[in-house]
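Enquirer: quick one, fold the following:
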Amino acid sequence: MNSGEYTYIWQAGDWPRWRVDLTELAEPMAEVSRAQGLLAGRLADVGMALRDQASLAALTEDVLKTSEIEGEQLNVASVRSSIARRMGVDIGALAPVDRHVEGVVEMVLDATANSQAPVTRERLFGWHAALFPTGYAGLSRINVGAWRDDASGPMQVISGPIGRQRVHFEAPPADRIEAETRRFLDWINSPPKEPPLIRAALGHLWFVTLHPFDDGNGRVARAIGDLLLARADGGTQRFYSLSAQIQRERKAYYDILERTQKGSMDVTPWLAWFFDALHRAVDQAQVTLDAVLAKARFWRHWATTPFNERQVKLLNKLLDGFEGKLTSGKWAAIAKCSSDTALRDINDLLARGVLRKAEGGGRSTGYELDASPLP
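Expert: All right, here's what the predicted structure looks like:
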């Protein structure tokens, strides 16, 4: 059967017998493996404490971005606090955390830290229930911790305004889900026949094509991909975030998914895109590690200098990548202090050479870290 005789790949007569051109993928896979090796080499030299900080940064980004892809904005401080508490990493005062943040964190950490454990129906139901602790997705009541039943019609991925909506994909009907997921789980828990990176890409694609839940399928699919990548790495910590890279390339991600799900069982183009995105995610992890090391150098350099609690809080925000321009007004708002107190804090840091005035100017003065005294 060729792809012209059906609409979606799950309707193909040879579904799900994936076809892959290993010759075409050999170089992209080798490049990813080389990048992973370089990152692992650097991490081996930095010590456990800094590895924990690098993992905390990667996992925080992963949780934020896997939700952002679906249009959900989580609170950065809450996510970071939730992960730090579970990892036993000291980040100072912890921010309040709600049930929704905890649920996404639980799923992402379970996929990584327990990657070698079998992926079962009950485990996936647990992940799904953690994502939707109230039983609602937005204002809609959904089946939580259970496969979808299609009571409201077929499961479709659509876009556009009501009345002019475009169907990008329609998933297998609900009466096939039990058998389809059983076959998927048998595959994921069996001894691997494919190279580990190919297995991770196929697991992501296969699950998101089944779309077995009322909502949250993309997040669970990305968690499954992360679990398979963790199995490939043989570790329990993540140091790069594929979800963050997918968010940066969101349109390309949805485009390649749609083409693949409407194509043949030759999924080589999907795998090539996945490996390229993964390579860029690993390269971005090098930038994150640079930032972690720079933060460690900063605090070593100023270790004997007394700072008040507000100054420590704002300096850490700058070190973690403060977005926009830090002004005295923003300092006062974040530190919950008066404008006069904020200005005294800033002037003290200017006098010590910790901060400097940012170039540019405008209506209000901005401030940035002065990196010149650092080794």
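Enquirer: strands of the chain, start to end?
Expert: For the chain, the strands defined by DSSP state E cover 136-137, 140-141, 156-159, 166-170, 355-357, 367-369.
Enquirer: what comes up buried for the longest one?
Expert: By neighbour count with 16 or more other Cβ atoms under 10 Å, strand 166-170 contains the buried residues 168-170. To be clear about C-beta, it is placed using only N, CA and C from the backbone, and glycine gets the same treatment.
Enquirer: which one of these is nearest residue 118?
Expert: residue 169 (28.4 Å; Cβ to Cβ).
Enquirer: quick one: contacts for the nearest residue to the closest one once chain neighbours are set aside?
Expert: Nearest non-adjacent residue to residue 169, counting by Cβ to Cβ, 6 or more residues apart in numbering: residue 157, 4.2 Å away. The contact partners of residue 157, taken as Cβ atoms under 8 Å, 6 or more residues apart in numbering, are 167-171, 211.
Enquirer: ok, now residue 40?
Expert: With Cβ under 8 Å, 6+ apart, residue 40 has no contacts at all.
Enquirer: look up how far residue 50 lies from it.
Expert: Look at residue 40 and residue 50: by Cβ to Cβ, to the nearest Å, they are 14 Å apart.
Enquirer: state the number of residues packed around the nearest residue to residue 107 once chain neighbours are set aside.
Expert: Distances taken as Cβ to Cβ, 6+ apart place residue 127 nearest to residue 107, at 4.4 Å, with adjacent residues excluded. Here the count is done by other Cβ atoms under 10 Å, and residue 127 has 24 residues near it.
Enquirer: for this protein, which helix is longest?
Expert: Ranked by residue count under DSSP state H, the longest helix found in the chain is helix 268-301.
Enquirer: list the buried residues in that helix.
Expert: Of the residues in helix 268-301, those buried (16+ other Cβ under 10 Å) are 268, 270-282, 284-285, 288-289, 291-292, 295-296, 298.
Enquirer: cool, and stretch 79-99?
Expert: 79-84, 87, 91, 97.
Enquirer: among those residues, which two are most distant?
Expert: 87 and 97 (13.8 Å).
Enquirer: residues touching the residue nearest the centre of the chain, list them.
Expert: Taking Cα atoms, centre = their mean as the criterion, residue 62 is the residue nearest the geometric centre of the chain, at 2.1 Å. Contact analysis of residue 62 by Cβ under 8 Å, 6+ apart lists 108, 226, 238, 241-244.
Enquirer: could you find the lowest-pLDDT member of the residues you listed?
Expert: Ranked by pLDDT, these bottom out at residue 238 (89).
Enquirer: alpha carbons of the lowest-mean-pLDDT helix or strand in the chain, as CSV, please.
Expert: Within the chain, judged by mean pLDDT, DSSP states H and E, the helix or strand with the poorest mean is strand 156-159; its value is a mean of 89. Provided in CSV are the C-alpha atoms of strand 156-159 (Å, rounded to 0.1, in the frame of the first residue of the first chain):
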residue,chain,number,x,y,z
GLN,A,156,-8.3,15.5,15.9
VAL,A,157,-5.4,18.0,15.9
ILE,A,158,-6.9,21.2,14.5
SER,A,159,-6.1,24.9,14.1
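Enquirer: that one: partners in the sheet, and parallel or antiparallel?
Expert: Sheet pairing here is set by DSSP bridges, and for strand 156-159 it gives strand 166-170 (antiparallel).
Enquirer: and stretch 109-125, how far out from the chain middle?
Expert: 17 Å (Cα atoms, centre = their mean, to the nearest Å).
Enquirer: what's the first-to-last distance across it?
Expert: 16 Å (Cα to Cα, to the nearest Å).
Enquirer: give me the contacts around that stretch.
Expert: 59, 83, 86, 127, 145-146, 181-182, 185, 188-189, 220, 223-224, 226-228, 230-231, 236-238.
Enquirer: narrow those residues to those that are buried.
Expert: 59, 83, 127, 145, 181, 185, 188, 220, 223-224, 226-228, 230-231, 237-238.
Enquirer: re the thing from before, using a markdown table, lay out the strands of the chain together with distance to residue 70.
Expert: Shown next, in a markdown table, are those (distance: least, Cβ to Cβ, whole Å):
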| stretch | distance to residue 70 |
| --- | --- |
| strand 136-137 | 10 |
| strand 140-141 | 14 |
| strand 156-159 | 12 |
| strand 166-170 | 15 |
| strand 355-357 | 38 |
| strand 367-369 | 34 |
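Enquirer: find the nearest non-adjacent residue to residue 154, please.
Expert: Counting by Cβ to Cβ, 6+ apart, the residue nearest residue 154 is residue 170, at 5.5 Å.
Enquirer: for that neighbour, what are its contacts?
Expert: 7-8, 154-157.
Enquirer: any idea how far residue 211 is from it?
Expert: 9 Å.
Enquirer: now the common contact residues for these two.
Expert: Counting by Cβ under 8 Å, 6+ apart, the residues touching both residue 170 and residue 211 are 155, 157.
Enquirer: next, the buried residues of stretch 311-321.
Expert: So for stretch 311-321, counting by 16+ other Cβ under 10 Å, buried means 311, 313-315, 317-319.
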